[in-house]
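Have a look; sequence and predicted model below, questions after that.
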Amino acid sequence: MTVHDEGQERLILDMVGRFLEQEVRPHVWQFEHDDIYPAEIVEKMKEMGLFGCMIAPEYGGLGLSTVTYARIIELISEEWMSLSGILNSHLIMAAAVQRNGTEEQKRAFLPRFATGELRGGIGLTEPDCGTDLQAIRTVARREGDAYVINGSKMWITNGYHGNCFALLVKTDLQAEPRHKGMSLFIAEKGPGFTVSRQLEKLGYKGIDSTELVFENYRIPADRLIGGVEGRGLQMVLNGLELGRINVAARGVGVAQAALRESVKYAQQRKTFGKPICEHQAIQTKLGEMATRTEASRLLTLRAAEAYDRGERCDMEAGMAKLFATETAVENSLEAMRIHGGYGYSKEYLVERFYRDAPLLVIGEGTNEMQRIIIAKQLVERNRI
């Protein structure tokens with residue numbers, strides 16, 4: 001159970017706010033427009049300890065609560081969503097080791113994750129496998145005191161600039177049910193581990209999304225997280241609860257940014273002799289945008305609180321992810337309509353929100369899948 005410290009949270013959020021204002025805001029447009037990886041900003045994030053924000057202090061991290069983490073991600077995403085993705089994948093990897101690793105693995109890797117010396121993400125998705133993770137084809141074969149891995153992973157965040165990944169593979173092709181044949185490894189880059197290409201995207205610019213290829217990639221057997229085969233999928237699903245809280249917080253941040261820009265523009269733009277914020281058509285849009293945003297924020301914090309208590313929270317995280325990301329899409333579109341022709345121009349921020357938001361309804365489990373997860377848990381928790 002993680003305790004939420006409000007005093008600590010205020011200090012952290014003030015620090016993050018100053019960092020975003022001074023180090024990020026002046027450069028976002030150029031980085032995003034030219035799709036440039038923000039290397040100097042990432043170095044400052046390392047110095048601030050953000051890559052260890054949810055790693056326990058005994059392993060060199062800040063040990064923040066999930067509630068504080070969600071608020072950090074909301075702040076970052078309100079400024080530039082891509083930065084939150086650089087953190088999210090890395091912290092899911094760290095959480096997998098912290099929750100499931102052996103003590104030797106925790107002491108060997110978590111301090112290096114916390115400083116950002118080792119930084120990366122999770123290798124789950126494959127070219128023919130996304131939501132159905134049990135269909136992965138990447139295989140690890142035991143050879144003495146090592147495993148030999150062959151296969152590929154797709155859409156891997158931090159794939160190019162990262163150097164370590166939690167890698168989901170099949171260790172038993174005959175296992176039934178299939179998840180009993182899946183294992184999770186701590187995979188550092190080395191011979192046989194290559195980045196084959198970077199993938200161009202509609203939005204979410206400045207962050208690397210890549211295909212990883214493994215050809216006879218040898219990995220020491222002591223990199224098997226937890227030291228036992230067959231538990232990989234459950235480890236990943238636990239990590240995705242945190243990932244979905246992150247994506248929900250991103251949705252809140254993007255929705256809030258779209259609302260902020262719309263409220264500002266509606267007071268500046270005049271039609272028929274008065275600011276458009278005085279027209280009822282615009283007022284109804286703003287009212288709905290604000291209500292959706294606040295509801296999304298509360299759902300996200302509720303999921304984060306459940307995660308901090310150590311409770312199973314796939315339903316809560318799914319609800320937050322579903323509602324907040326749909327809100328981000330709806331608010332970004334409404335912001336564009338409020339801005340009119342200017343909303344379609346790169347001179348204003350709202351066209352970026354419109355390009356970034358759709359990723360959120362797909363990533364960390366599609367919203368279609370979230371609806372199914374919510375329904376199943378609803379029935380499970382209310383058996384008659």
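Alright, I've got the coordinates.

ranges for the strands of the stretch 1-150 of the chain?
120-123, 139-143, 146-157 (DSSP state E, counting those that start in this stretch).

could I have the first one exported to PDB, CA atoms only?
In PDB, the C-alpha atoms belonging to strand 120-123 read as follows (Å, rounded to 0.1, in the frame of the first residue of the first chain):
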ATOM      1  CA  GLY A 120      13.200   1.900 -21.900                       C
ATOM      2  CA  GLY A 121       9.800   0.300 -21.900                       C
ATOM      3  CA  ILE A 122       7.700  -2.800 -22.600                       C
ATOM      4  CA  GLY A 123       7.900  -5.100 -25.600                       C
END
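
For that strand, which strands pair with it and how are they oriented?
strand 164-170 (parallel) (DSSP bridges).

Tell me how far the strand it pairs with lies from the chain's centre.
On the basis of C-alpha atoms, centre = their mean, to the nearest Å, strand 164-170 sits 17 Å off its chain's mean C-alpha point.

tilt between it and strand 146-157?
110 degrees (axes from the mean of the first three to the mean of the last three C-alpha atoms, to 10 degrees).

State the mean pLDDT of the helix or strand encompassing residue 304.
If you go by DSSP states H and E, residue 304 is part of helix 280-308. Averaged across helix 280-308, the pLDDT comes to 97.

Same check on stretch 27-39?
93.

what does stretch 44-61 give?
pLDDT averaged over stretch 44-61 gives 96.

mind putting the strands of the stretch 1-150 of the chain in TSV, mean neighbour count, mean pLDDT and distance to residue 211 included?
To be clear about C-beta, it is placed using only N, CA and C from the backbone, and glycine gets the same treatment. Output for the strands of the stretch 1-150 of the chain, formatted as TSV (neighbours: other C-beta atoms under 10 Å; pLDDT from 0 to 100; distance: least, C-beta to C-beta, whole Å):
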stretch	mean neighbour count	mean pLDDT	distance to residue 211
strand 120-123	26	94	11
strand 139-143	16	97	17
strand 146-157	21	96	5
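
which one of these lies closest to residue 277?
Residue 277 lies closest to strand 146-157 among those, at 38.1 Å (C-beta to C-beta).

Note down every partner strand of that closest one and its orientation.
Sheet pairing here is set by DSSP bridges, and for strand 146-157 it gives strand 139-143 (antiparallel), strand 209-220 (antiparallel).

Deepest in the core, which of the ones you listed is it.
Comparing the strands paired with strand 146-157 by mean neighbour count (mean count of other C-beta atoms under 10 Å), strand 209-220 ranks first with a mean of 18.

Dump that one to PDB, restricted to CA.
Coordinates of each C-alpha in strand 209-220 appear next as PDB, following Å, rounded to 0.1, in the frame of the first residue of the first chain:
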ATOM      1  CA  SER A 209       7.800   4.300 -31.800                       C
ATOM      2  CA  THR A 210       9.700   1.400 -33.400                       C
ATOM      3  CA  GLU A 211       9.900  -2.200 -34.500                       C
ATOM      4  CA  LEU A 212      12.300  -4.300 -32.600                       C
ATOM      5  CA  VAL A 213      13.800  -7.500 -34.100                       C
ATOM      6  CA  PHE A 214      15.400 -10.400 -32.200                       C
ATOM      7  CA  GLU A 215      17.600 -12.800 -34.100                       C
ATOM      8  CA  ASN A 216      19.300 -15.400 -31.900                       C
ATOM      9  CA  TYR A 217      19.400 -12.800 -29.100                       C
ATOM     10  CA  ARG A 218      21.000 -14.500 -26.100                       C
ATOM     11  CA  ILE A 219      19.900 -13.300 -22.600                       C
ATOM     12  CA  PRO A 220      21.100 -14.700 -19.300                       C
END
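
so for that strand, what's the average pLDDT?
97.

Need the contact partners of it.
For strand 209-220, the external contacting residues (C-beta atoms under 8 Å, 6 or more residues apart in numbering) are 123, 127, 138, 140, 143, 145-157, 159-160, 165, 185, 187, 190-199, 201.

Any chance of TSV for the strands paired with strand 146-157, columns distance to residue 381?
Shown next, in TSV, are the strands paired with strand 146-157 (distance: least, C-beta to C-beta, whole Å):
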stretch	distance to residue 381
strand 139-143	36
strand 209-220	36
